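1. 3D, please:
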Amino acid sequence: MDGDSHRVTRARSGRPEADAPAVPTGRTAPPLTGGEVDVGYGAITDVNFTPGGDGTGGSGHAGGHGRGRGTGRPGLGLTRTLIWILAAAVPLTFLGVFFAYPVASLIGRGFVTDGILDLGGFGEVFARPRTWRIVRLTLTQAILGTTGAVLLGIPGAYVLYRCTFPGQRLVRAVVTIPFVLPTVVVGVAFRTLLADSGPLGFLGLDGTFTAIILALVFFNYAVVVRTVGGMWERLDPRTEQAARALGASPARAFLTVTLPALTPAIASAASVVFLFCATAFGVVLVLGGIQFGTIETEIWIQTTQFLDLRAAAVLSMMQLVVVAGSLALFARTRARRERALRLQPAHPASRARNSGQPGFKGRKFGPWRAGADLLPAAVTAAVVGVLVLLPLGTLLIRSLRTPSGWGLGNYVALGTTGGDNALTVTVWEAAANSLRIAVDATVLAVVMGVLVALVLSRRPRHPAARQAIGWMDSLVMLPLGVSAVTVGFGFLITLDAPPLDLRSSPVLIPIAQAIVAMPLVVRTVLPVLRAIDPRLREAATVLGASPARVLAAVELPFLIRSMGLAIGFAFAVSLGEFGATAFLSRPDRPTLPVVIFRLIGQPGAENYGMALAASVVLALLTAGVMGLAERLRGERAGEF
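-> I've put the predicted structure just below:
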């Protein structure tokens, strides 16, 4: 064999293939038969290694005299193991110091009296009928909110990611705005929408449990659309086309071919939505009050109004049980159904048609193909119009109403500190502060999240290693399910003394926001990394690539595809984060969501109008961030 080509031996049906075709260096070889990822091998084979070897290395030539750098080198496996241990240790240490330690400290104070462990709070709290009513409402709210978001989000994922139409990227950005709005603002928008004088006041839903569910679906719709849509966009449609060619109806082809392939993405989205619904705070407080209290709102009441840390600690433990149970359930669902999917680059319809590529993702609306696209398009149009745009439109219209009539007076007032100096800074100064903090939080969240995603995407053979990855997968999701009140107070009571005295440090809020955003980065990147055919990594290793070279040549191209959306989500979520930031922000350096909450709580029409105008500004910032993320995403990006 000459120095410009190497033979790759593959196992097929349990036997080595002796006469595998040569793979020229730097060129694209045909995809593996039955492979799950439709990519070329050019980047993998373009590695520097000595073509001779003694046969001990995986890339060594059996008859040569050099030594290859394949998997046969004893030190290489140990080095690779140490690298992955370090990659897991960095984010786990970060979560341990800035999440587990503060939360455990706050909960511990509720169970320790005068240095003695006292678990009597469990019996006291469990004996209250109100406790079980709150648990029941929390679970009901989470289940209904998750079900509604998934059922409405799947048609939206198809329309926004499998079809093409003018303004598609704009619609994608619009449906993301609710997800990153402060929950208090979402509650106010729905109360305005459902009030007797609002556009939907005739439904009589103001102050009802149904209003809370609608707001939760509004808030989490984008999670399902983007998570499922990102995977759907990259599914090879030829499998479904084969089912159709064999006589399956569109519905049967979807149920038997497409839906099972989308199950990992649906389960991943549902797990995130369930956590958000179970831990909703501002939406429940504004729309339902104590009448429809949840574990989250009860923790806040016990902590801030009654200073009962024992009851708050018991409720926090109950919330952790609910969160851990949901994570375990959805992890088992993903583990059972998740597999390497056959993916292909997502090309625009025009390019796919010009190139003659089969199964391009873009299907233009009209003429309607036997009504196959009509139902999902109608459902998506109704959801976007009524559930997304109408509340946002109501918010915009109300922001233009001033005590003296209609105009931009509320926006002009954003340059002031509000009526009776309700604020210590102007809204524009708070917006600038939010942008600076969001940049810092995004960098931290992306670095930690990518490390976690790379570790979780491994497929180790040892059962203990697989179990460890499963536990890590659940642990990194915990920040989404722990009360923001618990996290905020935990920061205040633990990070107030050397060597971690961060009370006056500008990094405190970015760290808190990064903890919230990091699981979202993981869920954006992980499905794409897990869909990579492991034989691509094995082929690169056989050809002598080092672990770093395998990462750069095989995984980095896939990782880049999802980085645009990961950065966009992290930045947008940091902009709208309210729970922990409300407890940590200094009066002279508030963020925009904190300022909005303060304005809503102040008397006077001027302050309320400023709050609505500031909410519109935050929504526009979010839309701009997500629109830019869509452009950075390019044509091949992965999805949350």
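2. which helix in the chain runs the most residues?
-> Counting residues, the longest helix in the chain under DSSP state H turns out to be helix 129-162.
3. where in the stretch 1-150 of the chain is pLDDT low?
-> 1-77 (pLDDT under 70).
4. now do the chain
-> Applying pLDDT under 70 to the chain flags residues 1-77, 329-372, 630, 632-640.
5. related to what we said a few turns ago, buried sites along the longest helix of the chain?
-> Using 16 or more other Cβ atoms under 10 Å as the test for burial, helix 129-162 gives 131, 134-135, 137-139, 141-142, 144-150, 152-162. C-beta here means a position set from N, CA and C on the backbone, and glycine is covered the same way.
6. again, but for stretch 543-555
-> Of all the residues in stretch 543-555, those buried under the rule 16+ other Cβ under 10 Å are 543, 544, 545, 546, 547, 549, 550, 551, 552, 553, 554, 555.
7. go on, stretch 438-449?
-> Applying 16+ other Cβ under 10 Å to stretch 438-449 flags 438, 440, 441, 442, 444, 445, 446, 447, 448, 449 as buried.
8. Would you agree residue 444 is in contact with residue 510?
-> Yes: look at residue 444 against residue 510 with Cβ atoms under 8 Å: they come within range, at 6.3 Å.
9. how about the buried residues of stretch 543-555 in JSON lines, adding distance to residue 237 and secondary structure?
-> Shown next, in JSON lines, are the buried residues of stretch 543-555 (distance: Cβ to Cβ, whole Å; DSSP: H, G, I helix; E, B strand; the rest coil):
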{"residue": "543", "distance to residue 237": "32", "secondary structure": "coil"}
{"residue": "544", "distance to residue 237": "36", "secondary structure": "coil"}
{"residue": "545", "distance to residue 237": "32", "secondary structure": "coil"}
{"residue": "546", "distance to residue 237": "36", "secondary structure": "coil"}
{"residue": "547", "distance to residue 237": "34", "secondary structure": "helix"}
{"residue": "549", "distance to residue 237": "33", "secondary structure": "helix"}
{"residue": "550", "distance to residue 237": "30", "secondary structure": "helix"}
{"residue": "551", "distance to residue 237": "30", "secondary structure": "helix"}
{"residue": "552", "distance to residue 237": "30", "secondary structure": "helix"}
{"residue": "553", "distance to residue 237": "28", "secondary structure": "helix"}
{"residue": "554", "distance to residue 237": "24", "secondary structure": "helix"}
{"residue": "555", "distance to residue 237": "25", "secondary structure": "helix"}
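10. Just put the residues you listed in a markdown table and tack on distance to residue 610.
-> As requested, those are exported to a markdown table (distance: Cβ to Cβ, whole Å):
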| residue | distance to residue 610 |
| --- | --- |
| 543 | 62 |
| 544 | 64 |
| 545 | 58 |
| 546 | 57 |
| 547 | 54 |
| 549 | 55 |
| 550 | 54 |
| 551 | 49 |
| 552 | 50 |
| 553 | 53 |
| 554 | 52 |
| 555 | 47 |
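11. Looking at those, which two lie furthest apart in space?
-> 544 and 555 (17.2 Å; Cβ to Cβ).
12. give me the number of residues near the residue nearest to residue 587 when sequence neighbours are not counted?
-> In space, residue 587 comes closest to residue 424 once its chain neighbours are excluded; the distance is 5.0 Å by Cβ to Cβ, 6 or more residues apart in numbering. Residues near residue 424, counting by other Cβ atoms under 10 Å, number 16.
13. could you measure residue 424 against residue 586, distance?
-> Going from residue 424 to residue 586 by Cβ to Cβ, to the nearest Å gives 9 Å.
14. and the chain, what are its domains?
-> Domain ranges of the chain: 52-82+410-461+508-640, 129-299+334-399, per automatic domain parsing.
15. End to end on the longest one, go ahead and measure it.
-> As for domain 129-299+334-399, its first-to-last residue distance stands at 42 Å under the measure Cα to Cα, to the nearest Å.
16. Distance check, residue 186 against residue 400.
-> Computed as Cβ to Cβ, the residue 186 to residue 400 distance reads 20 Å.
17. Apart from its chain neighbours, what residue comes closest to residue 243?
-> Closest residue to residue 243 apart from its sequence neighbours, by Cβ to Cβ, 6+ apart: residue 253 at 4.3 Å.
18. make that residue 170, sorry
-> Per Cβ to Cβ, 6+ apart, closest to residue 170 is residue 627, 7.3 Å.
19. you'd agree that neighbour is up against residue 171?
-> No: if you go by Cβ under 8 Å, residue 627 and residue 171 don't touch, sitting 10.8 Å apart.
20. okay, now the residue nearest to residue 243: neighbour count?
-> Residues contacting residue 253 under the criterion other Cβ under 10 Å number 20.
21. Residue 99 too?
-> Applying other Cβ under 10 Å, we find 23 residues neighbouring residue 99.
22. and it, what does it touch?
-> 478, 479, 482, 487, 515 (Cβ atoms under 8 Å, 6 or more residues apart in numbering).
23. Please enumerate the strands of the stretch 101-250 of the chain.
-> Applying DSSP state E, counting those that start in this stretch to the stretch 101-250 of the chain gives strands spanning 112-113, 116-117, 163-164.
24. now swap in the stretch 401-550 of the chain and tell me
-> Using DSSP E, counting those that start in this stretch, strands in the stretch 401-550 of the chain cover 401-402, 405-406, 496-497, 500-501.
25. Not including adjacent chain positions, what is the nearest residue to residue 440?
-> residue 510 (3.8 Å).
26. Please report how far that neighbour lies from residue 101.
-> 18 Å.
27. Quick check on the two: which one has the bigger neighbour count.
-> residue 510 (22 against 16).
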